[in-house]
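# What follows is a predicted protein model with its sequence.
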Amino acid sequence: MSIDTETARRVAKLARIKVEDDALPALASEFSAILGFIEQLNEVDVEGVEPMTSVTPQRLKRRDDVVTDGSQQEAVLKNAPDAREGFFAVPKVVE
Amino acid sequence: MSDLTKLTIAGARDAMRKGDTTSAEITSACLTAIEGAGALGTFVHHTPEIAADQAAAADARIRAGDAPDMCGIPLGIKDLFCTKGVPSQAASRILEGFKPEYESTVTTQLFDAGAVMLGKLNMDEFAMGSSNETSVYGNAVNPWRRGNEDTALTPGGSSGGSASAVAADLCLAATGTDTGGSIRQPAAFVGITGLKPTYGRVSRWGIVAFASSLDQAGPMTKDVRDAAIMLGAMCGHDPKDSTSADLAVPDFEAALTGDIKGKTIGIPKEYRMDGMPAEIEKLWADGTAMLKDAGAVIKDITLPHTKYALPAYYVIAPAEASSNLARYDGVRFGHRAKLAQGDGITEMYEKTRAEGFGPEVQRRVMVGTYVLSAGFYDAYYNRARKVRALIKQDFETVFADGVDAILTPATPSAAFGLGENMDPIQMYLNDVFTVTVNLAGLPGISVPAGLDAQGLPLGLQLIGRPWEEADLLNTAYALEQAAGFVAKPAKWW
């Protein structure tokens, strides 16, 4: 499958990675090569096979629905590029 | 004692208990060796103060006679592990400046057992790579060279710094992580032992996630006994990782009898690839003969879906990565791009991720985004998960037929030159023998077994039944004894 520059632009947008226009053709050609490699999977007969959901047949453990952690505002904000007054700060999102 | 850095974990443990040396002495010898080994690009964050404190505490425990096996052992820790108050960057620019407020379960357990942290080790960015060339810190370099050449060779990846540091005797052992071969391939490239445990054996909590259904941490050590000792300290049930198995931890070291009489070793025909170098072919045949001489029954087996493991991996791993790496958005930790006048939150995300992620990580995140996107999810992601089920079934069938372990080459070649292998898909082929094991969730170990014509180490891989690391380690121990690999790289750094 060949990926065109428009598809590459759309994927970059979905992934929230800025790609300059002049880099899109090269990116599209890399995607095409990788998807070409992946397309070997079409040779496999997967009729009636369930997609794997867990590699080890284990049931996820359950625990009581109670608060086990919290009250760590300072630690949570410690690594933020911009934290103010106990909040993460980001550019304005609401007009 | 001389050459303290060359000690194995077992050797250092025994020497410290006898009082022949101390953790402080071994630690200090390692720190000196690290200072002189900048050319190898292994240690990217140094923690000598932490090491000195931990060594002193370990020596007190050893004197008191209350010392676990790992007590006082100086280790390198892959940069993928979150270590409290110490930079943990996954070799990415996007985590520049990130100092976790918490400690990963694996490092917590190792430190509780008395192990000493010398510093953080180089790796491919977010563990995505097979040559350590995608790291923000620059390349890690293999201590081995081809003959008399001075071409810089890759130590493999993604745990390249771990591999190089252990092979060059900068630390006694190191932690690694393995999503498609990232412990076993670098171990093979530098002539050390690398073990990827069964999925769920070791807690993933506090390890920067790449592909959560495939990631598993494990030991990278100078020999099989050390792998057994260190695995024992790393593994065990952890309520903080919902996929961590609630199983008893056996005494792995006690399982090392070297007796494999009557064990059945499978030789899968699909691993005999077209164009495989004659030296790898011979190594594999030699390894087979060694296990046979040790009393094992050799059985030809078939794993028919092997060919589709890499393409399935390159759907599943990028898909999980695109989801896991969504958290790097410039809000909660790490790098945030400088914004232009009028930039909103979307521009912040896009610029931050463009600046913060290197080309291979961007490529994989976008491929993952594509295969998960509306209209392609079934064709790519679901199909890959079905093929994964078939790959696992291949292994279940041979194990049900009485095979105890499977012997394969660890890598399709010896270490290659840095910069020699720039095509992404060619690079992916490095994991052709290892990636099946991650897809099937099995334990696998790489054992150094010989040198090629240019004097570079080559490794063999043994694949075991799920949860039977003890048995796998014992087979690896028998192979190690028979192969008698003792070569070390000549020091040039």
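Looks like it came in fine.
# can you give me the helices in chain A?
Listed in chain order, the helices of chain A (DSSP state H) span A:5-14, A:24-38, A:73-77.
# Which neighbouring elements make contact with the last one?
In terms of contacts (3 or more CB pairs under 8 Å, 6 or more residues apart in numbering or on different chains; DSSP states H and E), helix A:73-77 is not packed against any helix or strand. In this view, the C-beta of every residue, glycine as well, is placed from N, C-alpha and C.
# Which parts of it count as buried, going by neighbours?
Buried residues in helix A:73-77, defined by neighbour count with 16 or more other CB atoms under 10 Å in any protein chain shown: A:76, A:77.
# Can I get that helix in CSV, CA atoms only?
Provided in CSV are the C-alpha atoms of helix A:73-77 (Å, rounded to 0.1, in the frame of the first residue of the first chain):
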residue,chain,number,x,y,z
GLN,A,73,0.1,17.5,44.9
GLU,A,74,3.7,18.7,45.3
ALA,A,75,5.2,15.5,44.0
VAL,A,76,2.8,15.3,41.1
LEU,A,77,3.6,18.9,40.0
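# ok so, going back, tabulate the helices of chain A (TSV), appending mean pLDDT and distance to residue B:89.
Converted to TSV, these look like this (pLDDT from 0 to 100; distance: least, CB to CB, whole Å):
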stretch	mean pLDDT	distance to residue B:89
helix A:5-14	97	24
helix A:24-38	95	25
helix A:73-77	96	19
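# Which residue is the nearest non-sequential neighbour of the most centrally placed residue in chain A?
In chain A, the residue lying closest to the centroid (CA atoms, centre = their mean) is residue A:15, at 6.8 Å. Setting aside the residues directly before and after it, residue A:15 is nearest to residue B:369 in space (CB to CB, 6 or more residues apart in numbering or on different chains), at 4.3 Å.
# Am I right that that neighbour sits in a helix?
Yes. Residue B:369 forms part of a helix when assessed by DSSP: H, G, I helix; E, B strand; the rest coil.
# I'd assumed residue A:8 was in contact with it.
No. Residue B:369 is not in contact with residue A:8 according to CB atoms under 8 Å; the separation is 11.1 Å.
# any shared contact partners between these two?
Residues within reach of residue B:369 and of residue A:8 at once, by CB atoms under 8 Å, 6 or more residues apart in numbering or on different chains: there are none.
# Quick one: residues contacting residue A:89.
By CB under 8 Å, 6+ apart, the residues touching residue A:89 are A:80, A:82, A:83.
# do you know how far residue B:480 is from chain A?
28 Å (CB to the nearest CB, to the nearest Å).
# where's that residue, which helix or strand?
Assigning secondary structure by DSSP states H and E places residue B:480 in helix B:469-483.
# Which of the three states applies to residue B:66?
coil.
# what about residue 7, neighbour count?
You didn't say which chain, so I picked chain A. Look at residue A:7: counted by other CB atoms under 10 Å in any protein chain shown, it has 18 neighbours.
# Oops, wrong one, chain B.
24.
# do you know how far the closest residue to it other than its chain neighbours is from chain A?
Nearest residue to residue B:7 in three dimensions, chain neighbours excluded: residue B:172, at 6.1 Å (CB to CB, 6+ apart). Separation of residue B:172 from chain A (CB to the nearest CB): 31 Å.
# ok so, going back, which one of the helices of chain A lies nearest to residue B:336?
helix A:73-77 (13.9 Å; CB to CB).
# quick one: contacts of that closest one?
Here helix A:73-77 has contacts from A:83, A:86, A:87, A:88, B:101, B:332, using CB under 8 Å, 6+ apart.
# tell me the contacts of the second one?
With contact taken as CB under 8 Å, 6+ apart, residue A:86 is in contact with A:73, A:77.
# Tell me the backbone dihedrals of it, please.
phi 80, psi 10 (degrees, to the nearest 10).
# Next one, pLDDT for it please.
pLDDT for residue A:86: 95.
# Is the helix or strand containing residue B:349 positioned near chain A?
Secondary structure from DSSP H and E places residue B:349 in helix B:345-356. Yes. Using CB under 8 Å from any CB of the partner chain, helix B:345-356 reaches chain A at B:345, B:346, B:347, B:348, B:349, B:350, B:351, B:353, B:354.
# number of nearby residues for the nearest residue to the fifth one once chain neighbours are set aside?
If you skip the residues right next to it in sequence, residue B:349 has residue A:16 as its closest partner in space, 4.2 Å away by CB to CB, 6+ apart. Other residues within reach of residue A:16 by the criterion other CB under 10 Å amount to 20.
# what's the answer for residue B:120, then?
26.
# List the residues that contact the residue nearest to it when sequence neighbours are not counted.
Nearest residue to residue B:120 in three dimensions, chain neighbours excluded: residue B:45, at 4.0 Å (CB to CB, 6+ apart). Residue B:45 makes contacts with B:79, B:86, B:87, B:89, B:119, B:120, as judged by CB under 8 Å, 6+ apart.
# can we see that at 6 Å?
By CB atoms under 6 Å, 6 or more residues apart in numbering or on different chains, the contact set of residue B:45 is B:87, B:119, B:120.
# Among those, name the ones in strands.
Within these, residues falling in strands by DSSP state E are B:119, B:120.
# quick check, nearest of the contacts of residue B:45 to chain A?
residue B:87 (10.8 Å; CB to the nearest CB).
# Who are the packing partners of the longest helix that chain B contains?
Using DSSP H, we find that the single longest helix of chain B is helix B:383-400. When contacts are defined as 3 or more CB pairs under 6 Å, 6 or more residues apart in numbering or on different chains; DSSP states H and E, helix B:383-400 packs onto helix B:309-324, helix B:435-440.
# strand partners of the helix or strand that the shortest one is followed by, parallel vs antiparallel please.
Beyond helix B:435-440 on the C-terminal side, the first helix or strand identified by DSSP H and E is strand B:444-451. Partner strands for strand B:444-451, per DSSP bridges, with pairing direction: strand B:193-196 (antiparallel), strand B:457-464 (antiparallel).
# What is the burial count for residue B:375?
6.
# re earlier: return the most buried member of the helices and strands packed on helix B:383-400.
helix B:435-440 (a mean of 29; mean count of other CB atoms under 10 Å in any protein chain shown).
# can you give me how far that one is from the chain middle?
Distance of helix B:435-440 from the chain centroid (CA atoms, centre = their mean, to the nearest Å) equals 14 Å.
# Packing partners of that helix?
Checking 3+ CB pairs under 6 Å, 6+ apart, helix B:435-440 ends up next to helix B:309-324, helix B:383-400.
# Flag every buried residue along the last one.
Of the residues in helix B:383-400, those with enough neighbours to count as buried (16+ other CB under 10 Å) are B:383-392, B:394-395, B:398-399.
# Over to stretch A:86-95?
residue A:90.
# Kindly report the same for stretch B:66-84.
Here stretch B:66-84 shows B:67-84 as buried, counting by 16+ other CB under 10 Å.
# swap in stretch B:10-28?
Result for stretch B:10-28 [16+ other CB under 10 Å]: buried residues B:10-13, B:15-16, B:21-28.
# List just the nearest of those residues to chain A.
Looking across the buried residues of stretch B:10-28 and measuring by CB to the nearest CB, the closest to chain A is residue B:27, at 28.9 Å.
# Apart from its chain neighbours, what residue comes closest to the closest one?
Residue B:27 sits nearest to residue B:55 (CB to CB, 6+ apart), 4.1 Å away.
# give me the number of residues near the one you found?
Neighbours of residue B:55 (other CB under 10 Å): 25.
# Figure out the helix or strand that it lives in.
Per DSSP H and E: helix B:48-63 holds residue B:55.
# That concludes my questions; thank you for your assistance.
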